[in-house]
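1. show me how the following folds:
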Amino acid sequence: MPALSIAAWIAVLAAAGAVGACAINFMFWAYDEWHKRKPHQGFLAPKKTLNLAPKPREECWWRIGKRREGPTMHIAGTMGATNISPVPIRVAQAELRYGFLGRKRISGTVMASGSMGENIYGAFDIQPNERRDLTFEFWVYPPVRDSWETFTPHSLTFIDQFGNKHSVKRITFLAHLFDASVRLNAPKVFLYELV
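-> Residues are numbered from 1 along each chain as shown. Sure, this is the predicted structure:
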């Protein structure tokens, strides 16, 4: 039986280490999921908390912004969310996945309206059976579209305080063109002048 070379032993050990690391990661993930769904002091975290409803296409847009010296994509929009669970829900994070099969992901900000019809947004809870507007925004650097093209990412995901993920696939963001040569000449008004 021929002796294995050092390179072959290193390859075997690296493969065994990778398999072991994957198994340990899976065990931690499975334990976390089981622990999250276990009742704590009589409370069981709900699995399904939100129903999402896309708004009209005009409410999801993007435009070219600037980051230091280079261009960047500013992606923004509004989504309707209804709380279908028996407890108040707070949307904690938004995630945008794009690229081939959604391999690239970026985190963004998300805020909920104070109550239906209000233009006050922040980290508000959505009470049971209530519907609120969620506003979100992302910055993608470098841009993956030209300034006049529409942008359709793989998915848009909202994550609540229990770690539940609620995704909407294939939302189209319209290019919001802005002519930098046209400036509004609005007079500047300072707060102390209003008194």
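2. quick one: secondary structure of Gly80?
-> Secondary structure of Gly80, reduced to three states by DSSP: H, G, I helix; E, B strand; the rest coil: strand.
3. what helix or strand is His74 on?
-> Using DSSP states H and E, the element containing His74 is strand 70-83.
4. helices or strands next to the helix or strand where Ala21 lies in the packing?
-> For Ala21, the enclosing helix or strand under DSSP H and E is helix 6-36. The helices and strands touching helix 6-36, judged by 3 or more Cβ pairs under 8 Å, 6 or more residues apart in numbering; DSSP states H and E, number zero. Yep, even glycine has a C-beta here, placed from its N, CA and C like the rest.
5. how near is the nearest residue to Lys55 once chain neighbours are set aside to Gly163?
-> In this structure, Lys55 finds its nearest non-sequential neighbour in Thr78, 4.9 Å apart by Cβ to Cβ, 6 or more residues apart in numbering. Remark: distance between Thr78 and Gly163 (Cβ to Cβ, to the nearest Å) = 24 Å.
6. among the two, which residue is more densely surrounded?
-> Between Thr78 and Gly163, counted using other Cβ atoms under 10 Å, the more crowded position is Thr78 (17 against 12).
7. residues touching the more buried one, list them.
-> 55, 59-60, 133-136 (Cβ atoms under 8 Å, 6 or more residues apart in numbering).
8. for Gly80, what are its contacts?
-> Counted by Cβ under 8 Å, 6+ apart, Gly80 has contacts 52-55, 131-134.
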